[in-house]
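Asks: Structure of the sequence below:
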Amino acid sequence: REDPILTHVINMVMRDGKKARARRYIADACLEIRKQTNNDPLEIIKVAIDKTAPLVGLISRKKGSKVIQIPKPLNERQRNHKAIKWILDASDKKPGKKFSIRLANEFLAVINGQSLALQKKEQLHKLALMNRQNLPVK
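Replies: Predicted coordinates:
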């Protein structure tokens, strides 16, 4: 059986229904991670996703003539989805020809704290803190 987080990553990497190709990319990335760190790549991927996952998201609502941002807590799947999306976007911006190597390097960059995905998380959390006055009072 496959791990649900790994399945989620594979499904997000998949394009045009080519799941076997996405699995191969992830397998190659796991081999690259193992080669560089000599650790379990699945654990590294899980830790990287946990480190990147935001706690809150922002939803836009119209209040009068203004559009305001309201912070909203995310569930586990939403958090993982955002984290994987940010990691994939950051790996696309890295230089290099092979996607699997870029993806492996991005997972390792998250672990080392040097990723664009972590900057996106910090930026989102700052926006949520700035907009917490928009929370509805009960």
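
Asks: Residue 40 and residue 34: what is the separation?
Replies: In this structure, residue 40 and residue 34 are separated by 8 Å, where distance is defined by C-beta to C-beta, to the nearest Å. C-beta coordinates here come from the backbone N, C-alpha and C atoms, glycine included.

Asks: okay, those two: which has more neighbours?
Replies: More neighbours surround residue 34 than the other of residue 40 and residue 34, with 15 against 12 (other C-beta atoms under 10 Å).

Asks: Residue 30 reaches residue 40, doesn't it?
Replies: No - in this structure, residue 30 sits apart from residue 40 without contact. The criterion is C-beta atoms under 8 Å, and the distance is 9.1 Å.

Asks: residues near the residue nearest to residue 46 when sequence neighbours are not counted, how many?
Replies: In space, not counting the residues next to it along the chain, residue 46 is nearest to residue 5; the distance is 5.8 Å by C-beta to C-beta, 6 or more residues apart in numbering. Burial of residue 5 is recorded as 18 neighbouring residues (other C-beta under 10 Å).

Asks: Contacts only, for residue 5.
Replies: Residue 5 makes contact with 45-46, 49, 80 under the criterion C-beta atoms under 8 Å, 6 or more residues apart in numbering.

Asks: Point out where this protein drops to low pLDDT.
Replies: 1 (pLDDT under 70).

Asks: Quick check: which element contains the residue most central in space within the chain?
Replies: Nearest to the centroid of the C-alpha atoms of the chain, with distances taken as C-alpha atoms, centre = their mean, sits residue 83, at 1.8 Å. When elements are defined using DSSP states H and E, residue 83 is found to belong to helix 76-93.
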